[in-house]
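Asker: Need a 3D model of the following:
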Amino acid sequence: MGVLEQDNFRYQTVEKHLLGMIDSGALNMGDKLPSLRGMSRDLGVSISTVNQAYVELEGKGIIESRPRSGFFVRRSAPRMPTPDTVCETTDEARPVTRSGLIRTVLEAVGDKEMVPLNVFEPTADLLPVKEMSRVMSQVMREHPEDALEYDIIPGNAELRRQIAMLHMETGCPVRPDDMIITIGCFEALYIALRATTRAGDTVLIQAPTYYCFLHLLENLGLRVVEIPSHIDRGVDPADLASALRRFDIKACIFSPNYNNPDSSCTPDSAKREIVNMLGGLDIPIIEDDVSTTLHFGPKRPTTMKQYDEKGLVLLCSSFSKTLCPGYRVGWILPGRFMERAMEVKYTTNVCTPTPTQRAVAEYLRQGRYPRQLKKLRRTIESQMDTMLRHIGDSFPRGTRVTHPQGGGVLWLELPGNVDSVDLFFAARENGINIAPGSIFSTQDKFGSHIRLSCTSLWNDSIKNALETVGGLARSLQK
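Answerer: Numbers count the residues shown, from 1 in each chain. Model prediction:
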């Protein structure tokens, strides 16, 4: 291996190398790790970098130090089985009735007294806090009057130009005038639904799906048809075709890349087939694209928007999962629905806050974003691996869990008919928030599932919370 990248997170590359040796069987339980000096020489990094990686792995319970002997593998980490796909295509279009429980889950968002295992949001220690603070100060200092005024309704021109460049770099030709800046991705989804449907219409979604989609659909008076989200292949075009023959679908909502909560990824060939299928019927696709940039492998997945030749894909995204959740900066590419989308924006909040738009635009202009994404992806992947190892130790035997290749969440299926809503309330009494599976579908198919976030740096608080939730799950087995 060549010289590792020179940044503050290079020790994580050493961690990943060692975890790969453990997972492959090159290092087994009880084996001694290479010396600090030997690893330093082999990987081309400093001894202090290797030492930091060893200390981090020891803190995660993967290795242990023995006085005057070195570091040793503490245990092996067998891969846990993945959950079964239990959802089916619904037999009828149905109203959504999950808002009460969803509101209860959302009550804890931002509560600093709770351990946040439920929120898919990078914590501050994973974000460029100082850099964003400097950029915001620069914006306020250089353009104080402009920052206090309305920006144009479609959004700050420089921000739209920078986002268009990001899309073009991934093979999706986008012009600044093709987008509207929104208050996070959720407003983008709201605009997309308002632009393509009206109360009483039927919308098709994959299940399980992000519970805030269901909350929004319920509040807009829309009916829902669900098709399965397969953990190994995302949305299957055959499932979609079957549903289209049976129902009058007005729009579809898909998260084709690292679907929240099961992290499924629809293959590129299937995305193309789905876009062509729905294009032939003139049915719009609302694409949630917030997780695509969080791929762990070297290649970024394509979006459905990249295959859209008719303007029927409304891509919705934001910087909330990667850069600045609290700034609430998102965008929508509404395609042929631009005029209607602008009407909805006019009558919702007129425009997105000016200071946050300008700060994000300046951050992107300075070329800082790719570096932030690279570090964030590497950190989340490491966090996820650590959580998987501790779930295997702490949760009931027979627990199933996803092994994502991107995104930031784990989807668990608990054995013994554990009621995830009971587990949610028991965990909350212990100062821990989790997301019960029941809120991710209109069907009663995920009562023994939970979603856990992997976007907080590993520490004793997260470790103890996982052990507590695992113990509670064991106590609730029937």
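Asker: got a pLDDT number for the nearest residue to R161 once chain neighbours are set aside?
Answerer: Distances taken as Cβ to Cβ, 6 or more residues apart in numbering place P176 nearest to R161, at 4.8 Å, with adjacent residues excluded. For glycine as for every other residue, the C-beta is placed from the backbone atoms N, C-alpha and C. In this model, P176 is scored at 98, pLDDT.
Asker: P176 against I152, yeah?
Answerer: No: the pair P176 / I152 is not scored as a contact, 11.2 Å apart, by Cβ atoms under 8 Å.
Asker: what about the two, which has more around it?
Answerer: P176 (17 against 11; other Cβ atoms under 10 Å).
Asker: residues in contact with stretch 15-33?
Answerer: For stretch 15-33, contacts defined as Cβ atoms under 8 Å, 6 or more residues apart in numbering pick out 1, 39, 43, 53-54, 56-57, 62-63, 69-77, 378, 381-382, 385.
Asker: Can you show me the strands along the stretch 1-150 of the chain?
Answerer: For the stretch 1-150 of the chain, the strands defined by DSSP state E, counting those that start in this stretch cover 63-66, 70-73, 94-95, 115-116.
Asker: quick one, helices of the stretch 201-350 of the chain?
Answerer: Assigned by DSSP state H, counting those that start in this stretch, the helices in the stretch 201-350 of the chain fall at 211-219, 237-246, 268-280, 338-346.
Asker: Just send those back as TSV, with mean pLDDT too.
Answerer: Shown next, in TSV, are the helices of the stretch 201-350 of the chain (pLDDT from 0 to 100):
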stretch	mean pLDDT
helix 211-219	93
helix 237-246	97
helix 268-280	97
helix 338-346	97
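Asker: Show the end-to-end separation of stretch 318-338, please.
Answerer: Chord length of stretch 318-338, first to last residue, is 18 Å (Cα to Cα, to the nearest Å).
Asker: buried stuff in that stretch?
Answerer: Across stretch 318-338, burial judged by 16 or more other Cβ atoms under 10 Å covers 318-325, 327-335, 337-338.
Asker: which of the helices of the stretch 201-350 of the chain sits most buried?
Answerer: For these, ranked by mean neighbour count under the definition mean count of other Cβ atoms under 10 Å, the leader is helix 211-219 at a mean of 20.
Asker: contacts for that one?
Answerer: Applying Cβ under 8 Å, 6+ apart, the contact partners of helix 211-219 are 95-99, 102-103, 105, 186, 189-190, 193, 203, 205, 224, 253, 288, 435, 439-442.
Asker: among those residues, which ones are buried?
Answerer: Among these, the ones that count as buried by 16+ other Cβ under 10 Å are 96, 98-99, 102, 105, 186, 189-190, 193, 203, 205, 224, 253, 288, 435, 439-442.
Asker: circling back: could I get the strands of the stretch 1-150 of the chain as CSV with distance to T49 and mean pLDDT?
Answerer: Formatted as CSV, the strands of the stretch 1-150 of the chain follow (distance: least, Cβ to Cβ, whole Å; pLDDT from 0 to 100):
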stretch, distance to T49, mean pLDDT
strand 63-66, 16, 85
strand 70-73, 15, 88
strand 94-95, 55, 81
strand 115-116, 30, 91
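Asker: okay, these in JSON lines with distance to R272 next?
Answerer: Below are those laid out as JSON lines (distance: least, Cβ to Cβ, whole Å):
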{"stretch": "strand 63-66", "distance to R272": "45"}
{"stretch": "strand 70-73", "distance to R272": "44"}
{"stretch": "strand 94-95", "distance to R272": "30"}
{"stretch": "strand 115-116", "distance to R272": "37"}
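Asker: looking at those strands, which is buried most?
Answerer: Compared across those, strand 115-116 shows the largest average neighbour count, a mean of 22 (mean count of other Cβ under 10 Å).
Asker: what's it packed up against?
Answerer: If contacts are counted by 3 or more Cβ pairs under 8 Å, 6 or more residues apart in numbering; DSSP states H and E, strand 115-116 sits against strand 432-433, helix 460-475.
Asker: can you pull out the strands in the stretch 301-450 of the chain?
Answerer: Assigned by DSSP E, counting those that start in this stretch, the stretch 301-450 of the chain shows strands spanning 313-318, 329-333, 400-401, 409-413, 432-433, 435-436, 449-453.
Asker: got these as TSV, with mean pLDDT and distance to F120 columns?
Answerer: Converted to TSV, the strands of the stretch 301-450 of the chain look like this (pLDDT from 0 to 100; distance: least, Cβ to Cβ, whole Å):
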stretch	mean pLDDT	distance to F120
strand 313-318	98	12
strand 329-333	98	15
strand 400-401	96	16
strand 409-413	97	5
strand 432-433	95	12
strand 435-436	95	9
strand 449-453	97	5
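Asker: closest to S229 out of these?
Answerer: Taking Cβ to Cβ, strand 409-413 is the member of the strands of the stretch 301-450 of the chain nearest to S229, at 9.9 Å.
Asker: Pull out the buried positions in the closest one.
Answerer: V409, L410, W411, L412, E413.
Asker: quick one: contacts of that strand?
Answerer: Contacts of strand 409-413 (Cβ under 8 Å, 6+ apart): 83-84, 120, 208, 231, 260-263, 384, 387-388, 391, 395, 399-402, 404, 448-454.
Asker: go again using 6 Å as the cut-off
Answerer: Contact partners of strand 409-413, identified using Cβ atoms under 6 Å, 6 or more residues apart in numbering, comprise P83, F120, P261, D262, R400, V401, T402, H449, I450, R451, L452, S453.
Asker: Now the two most distant members of the buried residues of strand 409-413.
Answerer: Farthest-apart pair in the buried residues of strand 409-413 is V409 and E413; separation 13.9 Å (Cβ to Cβ).
Asker: Kindly state the beta-bridge partners for I183.
Answerer: Counting by DSSP bridges, I183 is bridged to V329.
Asker: Surely it and Y327 touch.
Answerer: No: I183 sits out of contact with Y327 when judged by Cβ atoms under 6 Å, with a separation of 9.6 Å.
Asker: For the nearest residue to G200 once chain neighbours are set aside, grab the count of nearby residues.
Answerer: Of all residues not flanking G200 in the chain, G221 sits nearest, at 6.4 Å (Cβ to Cβ, 6+ apart). G221 sits with 13 neighbouring residues when counted by other Cβ under 10 Å.
Asker: if we can go back for a sec, would JSON lines of the helices of the stretch 201-350 of the chain with distance to A124 be doable?
Answerer: Output for the helices of the stretch 201-350 of the chain, formatted as JSON lines (distance: least, Cβ to Cβ, whole Å):
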{"stretch": "helix 211-219", "distance to A124": "22"}
{"stretch": "helix 237-246", "distance to A124": "40"}
{"stretch": "helix 268-280", "distance to A124": "34"}
{"stretch": "helix 338-346", "distance to A124": "30"}
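Asker: Would you confirm that K250 contacts D201?
Answerer: Yes: at 4.1 Å, K250 counts as touching D201 under the criterion of Cβ under 6 Å.
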